[in-house]
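Peer 1: Dropping the sequence and predicted coords here.
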Amino acid sequence: MNGQYSAFADVVIFEAVRTPWVDLGGALSQVSPIDLGIKVGREVLARAGIEPQAVDSVLAGSMAQASFDAYLLPRHIGLYSGVAQAVPALGVQRICATGFELLRQAAGQLRDGVQLALCVASESMSRNPIAAYTHRGGFRLGGEVQFKDFLWEALYDPAPGLDMIATADNLARRYGLSREAVDRYACDSHQRGLQAQRDGAWVEEVVAVDNQVFELEGYQPRGIRLARRACAVSEDSHPRPTDLASLTRLRAVHPGGVQTAGNSCAVVDGAAAALVGRASACTRPALARLLASAVVGVAPEFMGIGPAPAIRLLLQRSGLNLDDIGRFEINEAQAAQVLAVAHELELDSTRLNVQGGSLALGHPLAATGLRLVMSLARQLRQHNLRYGIAAACVGGGQGMALLIENPAFGA
């Protein structure tokens, strides 16, 4: 099977945290993704009880250039998190699988001698710009003036001439998924997410965000200032009561399609961080062992099916079967997309996104992969399960999956 497979030895995720996921235009809407990244970078080090000076690699990812200093995102996250000035920083990008790619890159660096890597993914969907790419030379008299909404236009793939919603509608037609089935899945995800929030499922992984200043000796301070006069944000804002009747009333994005605003992922802001190091150097129970990754390419017009071949490659090369996997966390870009993956792999609903997914919580592009992994790891620990797989589709036609293990099992 084509694709890239990587197996990792002696690699663990020491700790991982995230901010709350907050709806577009909400309390995090004016915060730079760099500052959100600094917040989780500092927090993950504090929770792990590790001095920032112990970090010898910084990897960070963000999709849209949501601040004028966006080029400096990896470097500033490292510096203002307290990492030594001599430690380099690297920007990583694989669209919706950026969080996974950060972990893959960190594991690869451990093979090259790195001892501890700080991985941070941060996304401000609210600060996506209204952009112009063709006016550097000025405006011609009577010429077309073209400014577009980057957040909307980035969802369009010019190769097949389709937006991401249309690719999910393609999967619905290919797999015979009705509007009713898609809405029913979305309703279940919303209800599972709300119940998980009420049960405190994410309390361990979420760090509250408040107004604060980040100092760095000898340099200008940075900081967080929340919008709408908020003084602190402590939980995800999108989970809410949802019923099938309400979802059914929503209009499809494309005529004849099945995808609506209610059965597509929510647009949110947020950041996440993880510390990756060697199991042999871990002095306290780790969050998860990172065993392997797989990434594949698929047809852009059916991009949402990407997790299926990625998971197949991961299992094939690792020697495991679907029945060996206690939990699957597959990103819910669209309900039809994740349903198509479930149909293709014949996954049962008792192991798939049991706490809801991005339909209920939202999908801050770069940061979602880290959320999937940290939530999955805590589920394995809570239910005494050994293996878990987190996966996501990727715009342009890719799929990526990670295999993790509960540290209570294995070597």
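Peer 2: Okay, I see it. All values reported here derive from a predicted model rather than from experimental measurement.

Peer 1: Put the alpha carbons of stretch 374-384 into PDB.
Peer 2: Provided in PDB are the C-alpha atoms of stretch 374-384 (Å, rounded to 0.1, in the frame of the first residue of the first chain):
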ATOM      1  CA  MET A 374      -4.700  13.900  24.100                       C
ATOM      2  CA  SER A 375      -8.400  13.100  24.400                       C
ATOM      3  CA  LEU A 376      -7.800   9.600  23.000                       C
ATOM      4  CA  ALA A 377      -4.900   9.000  25.400                       C
ATOM      5  CA  ARG A 378      -7.000   9.900  28.400                       C
ATOM      6  CA  GLN A 379      -9.900   7.600  27.300                       C
ATOM      7  CA  LEU A 380      -7.500   4.700  27.000                       C
ATOM      8  CA  ARG A 381      -6.200   5.400  30.500                       C
ATOM      9  CA  GLN A 382      -9.700   5.800  32.000                       C
ATOM     10  CA  HIS A 383     -11.100   2.600  30.400                       C
ATOM     11  CA  ASN A 384      -8.000   0.500  30.700                       C
END
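
Peer 1: what comes into contact with it?
Peer 2: 13, 16-18, 201-202, 204-205, 272, 274, 287-288, 326-327, 329, 354-355, 385-390, 404-406, 408 (CB atoms under 8 Å, 6 or more residues apart in numbering). To be clear about C-beta, it is placed using only N, CA and C from the backbone, and glycine gets the same treatment.

Peer 1: now swap in stretch 209-219 and tell me
Peer 2: So stretch 209-219 is in contact with 19-20, 27-28, 31, 35-36, 38-39, 42, 79-80, 221-226, 231-234, going by CB under 8 Å, 6+ apart.

Peer 1: same question, stretch 147-164
Peer 2: 63-64, 125, 128-132, 165, 167, 170, 267, 299-301, 303-304, 333-334, 395-396.

Peer 1: among those residues, which are in helices?
Peer 2: 165, 167, 170 (DSSP state H).

Peer 1: top of these by neighbour count?
Peer 2: Most neighbours among the ones in helices among the contacts of stretch 147-164, by other CB atoms under 10 Å: residue 167, with 27 neighbours.

Peer 1: where's it relative to residue 7, distance?
Peer 2: 31 Å (CB to CB, to the nearest Å).

Peer 1: about what we covered before: among the contacts of stretch 374-384, the buried ones, what's the PyMOL command?
Peer 2: The following PyMOL line selects those of those that are buried, judged by 16 or more other CB atoms under 10 Å:
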select buried, resi 13+16+17+18+201+202+205+272+274+287+288+326+327+329+354+355+385+387+388+389+390+404+405+406
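
Peer 1: Let's see which of the contacts of stretch 374-384 end up in strands.
Peer 2: 13, 16-18, 272, 274, 288, 326-327, 329, 387-390, 404-405 (DSSP state E).

Peer 1: and residue 322, how far is that from residue 351?
Peer 2: Counting by CB to CB - residue 322 and residue 351 are separated by 9 Å.

Peer 1: next one: residue 83
Peer 2: Counting by CB to CB, the gap from residue 83 to residue 351 is 38 Å.

Peer 1: Residue 395 too?
Peer 2: 26 Å.

Peer 1: Who has more neighbours out of these two?
Peer 2: Neighbour count, other CB under 10 Å: between residue 395 and residue 351, residue 395 has more, with 23 against 18.

Peer 1: Give me the pLDDT value at that one.
Peer 2: pLDDT recorded at residue 395 is 96.

Peer 1: Please name the nearest non-neighbouring residue to it.
Peer 2: residue 95 (4.9 Å; CB to CB, 6 or more residues apart in numbering).

Peer 1: wouldn't the one you found be in contact with residue 394 here?
Peer 2: Yes: between residue 95 and residue 394 there is a contact under CB atoms under 8 Å: 5.0 Å.

Peer 1: out of those two, which sits in the busier spot?
Peer 2: residue 394 (27 against 19).

Peer 1: Is that one bridged to anything, and to what?
Peer 2: residue 398 (DSSP bridges).

Peer 1: In contact with it, which residues are there?
Peer 2: Neighbours of residue 394 in contact, by CB under 8 Å, 6+ apart: 94-97, 303, 306, 400.

Peer 1: Any idea which residue is closest to the centre of this protein?
Peer 2: residue 368 (1.2 Å; CA atoms, centre = their mean).

Peer 1: and it, what helix or strand is that in?
Peer 2: Assigned by DSSP states H and E, residue 368 belongs to helix 368-382.

Peer 1: and what of residue 295?
Peer 2: Going by DSSP H and E, residue 295 is in strand 288-297.
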